[in-house]
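Engineer: Sequence isn't available, so here's the structure alone:
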């Protein structure tokens, strides 16, 4: 009887040792997995999606800076709204694996397919930047610096192409499809076409921004390519 009990005890010890070995191995695997280095966030220079989000963030930051430099009765409400938009853009940056908080300047560089428009783009950019530095909320119109046959500001005739060379990104704002602009007054209707997928949307300007045209989330979804937050090749027309 004592021999059977002795063998049973040895078996129990062997089982306990085996269990401890397995548990230790599992703990080592879990520790190794938890200590793995997470992938580094992507910068705007490494990803088109990150560039679009960084540009949207920069546009909103410039708008806030302009409102603070030249406040009016509505500035406080506008700033609060844009700060909420910035937080939403940062959440999108994190979800997309981008550097959270990275901000980029809105690009109005000439597109390779439009080399003849450099003079007009320079006039647009100079007038736009001057307006932003002066106050942001109501910048001076750059139409006088652009060629008469294709003005870049609110003086453009209906059906005329505007904002040549501008990239288009999202403002981060919710609601029905709409746009914001620093060159066109509220009520102006703009048609935005993405030449990379031939999708277009016609929207009404409802607020001021730090760019020629920004589309809110709903409008941007109508013309975007999957996974992208920036339209590099866009045609913008004033239609009303």
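Structural biologist: Noted; the coordinates are in hand. Owing to the predicted nature of the structure, the values given are computational and were not obtained by experimental measurement.

Engineer: Torsion angles phi and psi at the closest residue to residue 202 other than its chain neighbours?
Structural biologist: Leaving aside its chain neighbours, residue 202 sits nearest to residue 191 (4.6 Å; criterion: C-beta to C-beta, 6 or more residues apart in numbering). C-betas here are computed from N, CA, C, even on glycine. Main-chain torsions, residue 191, degrees, to the nearest 10: phi -110, psi 120.

Engineer: burial measure for residue 191, as a count.
Structural biologist: Residue 191: 16 surrounding residues under other C-beta atoms under 10 Å.

Engineer: Could you do residue 87 as well?
Structural biologist: Residue 87 has 10 neighbours, counted by other C-beta under 10 Å.

Engineer: got it, and residue 198?
Structural biologist: 8.

Engineer: What distance do you get for the residue nearest to residue 202 to residue 178?
Structural biologist: Here residue 191 is placed at a distance of 13 Å from residue 178 (C-beta to C-beta, to the nearest Å).

Engineer: Kindly report the same for residue 82.
Structural biologist: Using C-beta to C-beta, residue 82 is found at 15 Å from residue 178.

Engineer: Who has more neighbours out of those two?
Structural biologist: The neighbour comparison of residue 82 against residue 178 (other C-beta under 10 Å) goes to residue 82, with 24 against 19.

Engineer: Tell me who's in contact with the more buried one.
Structural biologist: Taking C-beta atoms under 8 Å, 6 or more residues apart in numbering, we find residue 82 in contact with 60, 63, 64, 67.

Engineer: Next, the contact list for the residue nearest to it when sequence neighbours are not counted, please.
Structural biologist: For residue 82, ignoring the flanking residues on the chain, the nearest one in space by C-beta to C-beta, 6+ apart is residue 60 at 4.8 Å. Residues in contact with residue 60 (C-beta under 8 Å, 6+ apart) are 82, 85, 86, 89, 171, 172, 209, 210.

Engineer: Kindly report the same for residue 168.
Structural biologist: For residue 168, counting by C-beta under 8 Å, 6+ apart, the contacting residues are 192, 194, 213, 214, 215, 220, 223, 230, 231, 234, 236.

Engineer: give me the beta-bridge partners of it?
Structural biologist: Beta-bridge pairing for residue 168 (DSSP bridges): residue 231.
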